[in-house]
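Asker: Build me a model:
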Amino acid sequence: MKIGIVGDFSPKYPSQIATNNALRHTLAKLGISIEFEWIATTTICKQLEAIKRTYNGFWIGPGYPNSIDGVLSLIQFARENDIPLLGTCGGFQYIIMEYAKHKLMLEHAAHAERDPHASQLIISKLACSLVGQKGEVIIRKPSKTFNIYKTETINEQFRCSYGLSSEYEKQIHDSGLKIVGTDPVGNPRIIEIPDHKFFIGTLFVPQLSSTVDSTHCIIDSFITNVKGA
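Answerer: I've put the predicted structure just below:
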């Protein structure tokens, strides 16, 4: 079995190093043998069918992808075919982008980091940057995420400056991509599709909290679902 980490890897990016390490931590803890590798985003559109056949799950990793189209195509594939998918930090943002474009049919859906003057800014700059911050997240229940954490209040590490635009929150949530985690004032921090095998996005970076002795429950659950796929 194999997991594809969707993103353009750089050894200078701590969140990407942490992604590799967190997978190793969880695989060792669970005693599961699953390979994982990074999928360069510019290769996806050229090799899409081969990639679909190769991987049993996808992690949409943190970072600024070189090809948005490639990333969105794999998110859509996983969403529509019940393939386990986890998105963290930038992955959270591109899950929302894909959903807006292909489920809500908002063809001009855009990300403020790339196109700040777009007419449909689904992802906008946060009022306060969360880069390097640790913050409280309130988990709503019932939700798959609550079942994973088994608690309503958590503290997680962030490295982001962009999130879901407030004007699209209700539309996104009501159409099926549920906002199941927020900060204490209600800003979205976790999204999921409840009837999907595993389809969860976190604006925070859970892999930064993973250690050999204390793995992260979201990553444990993701791996378990990939194994069972």
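
Asker: What is the helix or strand hosting residue 16 packed up against?
Answerer: Using DSSP states H and E, residue 16 sits in helix 14-30. Contacts defined by 3 or more C-beta pairs under 8 Å, 6 or more residues apart in numbering; DSSP states H and E place helix 14-30 against strand 2-6, helix 217-228. (Glycine included, C-beta is placed from N, CA and C.)

Asker: 7 Å - rerun?
Answerer: Packed against helix 14-30 by the contact rule (3 or more C-beta pairs under 7 Å, 6 or more residues apart in numbering; DSSP states H and E) you find helix 217-228.

Asker: And the helix it packs on, what's buried?
Answerer: Residues 217, 218, 219, 220, 221, 222, 223, 224, 225, 226, 227 are the ones in helix 217-228 that count as buried (16 or more other C-beta atoms under 10 Å).

Asker: how about the helices in this structure?
Answerer: Using DSSP state H, the helices of the chain run over 14-30, 41-44, 48-54, 68-80, 90-102, 144-149, 169-174, 217-228.

Asker: helices or strands next to the fifth one in the packing?
Answerer: Taking 3+ C-beta pairs under 7 Å, 6+ apart as contact, the helices and strands that helix 90-102 lies on are strand 57-60, helix 68-80, strand 109-111, strand 120-125, strand 188-192, strand 199-202.

Asker: How about the residue nearest to the spatial centre of the chain: which residues does it bridge to?
Answerer: For the chain, residue 87 is the residue whose C-alpha lies nearest the centre (C-alpha atoms, centre = their mean; 1.1 Å). In this entry, residue 87 is beta-bridged to residue 60, residue 201, by DSSP bridges.

Asker: what's stretch 27-39 in contact with?
Answerer: Contact with stretch 27-39 is made by 1-7, 9, 23, 51, 215, 220, 223-224, 226-227, as judged by C-beta atoms under 7 Å, 6 or more residues apart in numbering.

Asker: Relative to residue 94, which of the residues you listed is nearest.
Answerer: residue 6 (8.6 Å; C-beta to C-beta).

Asker: and the closest one, how many neighbours?
Answerer: Neighbour count for residue 6, taken as other C-beta atoms under 10 Å: 29.

Asker: how close does the residue lying closest to residue 77 once chain neighbours are set aside sit to residue 80?
Answerer: Leaving out its chain neighbours, the residue that sits closest to residue 77 by C-beta to C-beta, 6 or more residues apart in numbering is residue 52, at 5.8 Å. With distances taken as C-beta to C-beta, to the nearest Å, residue 52 is found 11 Å from residue 80.

Asker: who's more crowded, those two?
Answerer: Neighbour comparison, residue 52 and residue 80: the larger count goes to residue 52, with 15 against 11 (by other C-beta under 10 Å).

Asker: That one and residue 130, how far apart?
Answerer: Distance, residue 52 to residue 130, by C-beta to C-beta: 33 Å.
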